[in-house]
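In: what follows is a predicted structure for the sequence shown.
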Amino acid sequence: MTRVVAQGTFDLLHPGHVHYLEDAATYGDELHAIVARRPNVTHKPAPVLCGRQRRDMVAALDAVDEAHLGDPEDVFVPIERLEPDVIVLGFDQHHDEADIAAALDARGIDCRVERASGREPKYEDELLSSGDIVDRIVRERGGGSAPERD
Ligand SMILES: Cc1cc2nc3c(=O)[nH]c(=O)nc-3n(C[C@H](O)[C@H](O)[C@H](O)COP(=O)(O)O)c2cc1C
Ligand SMILES: Nc1ncnc2c1ncn2[C@@H]1O[C@H](COP(=O)(O)OP(=O)(O)OP(=O)(O)O)[C@@H](O)[C@H]1O
């Protein structure tokens, strides 16, 4: 049984997310998805949807066997618990394969790191970015202030 881990923010699901998770699933027999905690999404605007809703939607996808909310402090805690054979990074994720491999090694975790393929739009106007979906909503429906969420 080869266990695979994919991870991401997964705010406002779109076909790029489905592509990533379906591609990651081909690396093994069982796919676990880790959903980033809101405070850990620091490289772009925070997600609109709360962690639990993002986790539940990812869990509902066919390619995913189980979805988990990530650890709030240490991203390697779920990895230590799940003991995956492969971590598949998204095609455009800012993480460096070698850095993650070194961190896994330092913790004595035997797991390889791969990178998924990207998906281009299949038709004009297909939105493959949560940020682009948010931008369109703001543009077409007007803005508003966001309350604090986790
Ligand atoms: C191997 C790995 C495990 C991760 N585990 C967690 C975690 O447990 N909790 C969390 O909040 N973020 C975790 N992350 C971080 C986020 O998934 C990710 O870095 C980022 O914030 C979301 O990036 P993206 O949605 O732009 O792809 C992990 C990242 C990696 C590479
Ligand atoms: N078009 C795509 N093709 C393949 N993978 C994708 C695509 N879009 C997103 N992903 C993957 O899905 C995972 C989660 O992505 P993320 O939640 O950052 O969505 P996003 O739409 O890229 O976000 P944003 O638009 O806010 O930057 C990442 O691993 C990312 O590489």
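Out: Happy to help now that I have it. Ligands and ions are numbered 1, 2, ... in the order given.

In: what's the neighbour count on the residue in the chain positioned nearest to ligand 1?
Out: Residue nearest to ligand 1 within the chain: Gly70 (2.1 Å; CB to the nearest ligand atom). Where you see a C-beta, it was placed from the backbone N, CA and C, and this is true even at glycine. Counted with other CB atoms under 10 Å, the neighbours of Gly70 add up to 21.

In: helix, strand or coil: sort out the residue lying closest to it once chain neighbours are set aside for me.
Out: Take Gly70 and drop its neighbours on the chain: the residue closest to it by CB to CB, 6 or more residues apart in numbering is Ile34, 4.8 Å away. Following DSSP: H, G, I helix; E, B strand; the rest coil, Ile34 is assigned to strand.

In: just give me the neighbour total for Ile34.
Out: Ile34 - counted by other CB under 10 Å - has 25 other residues nearby.

In: got the contact list for it?
Out: Neighbour list for Ile34: 5-7, 67-70, 78 [criterion: CB atoms under 8 Å, 6 or more residues apart in numbering].

In: check His94 too.
Out: His43 are the contacts of His94 under CB under 8 Å, 6+ apart.

In: now it: how far from ligand 2?
Out: Distance, His94 to ligand 2, by CB to the nearest ligand atom, to the nearest Å: 10 Å.

In: over to Asp85?
Out: As for Asp85, its distance to ligand 2 is 19 Å (criterion: CB to the nearest ligand atom).

In: now that residue. Nearest residue, chain neighbours left out?
Out: Going by CB to CB, 6+ apart, Asp85 has Thr2 as its nearest residue, at 4.8 Å.

In: before we move on, the earlier item: in this structure the residue of the chain closest to ligand 1 contacts Pro39, no?
Out: No: with contact defined as CB atoms under 8 Å, Gly70 does not reach Pro39; the gap is 10.4 Å.

In: most neighbours, which of the contacts of Ile34?
Out: Neighbour-wise, these (other CB under 10 Å) top out at Ala6, 28 neighbours.

In: secondary structure class for it?
Out: Secondary structure of Ala6, per three-state DSSP, is strand.

In: what stretches of this structure score poorly on pLDDT?
Out: Flagging of the chain using pLDDT under 70 yields the residue ranges 143-150.
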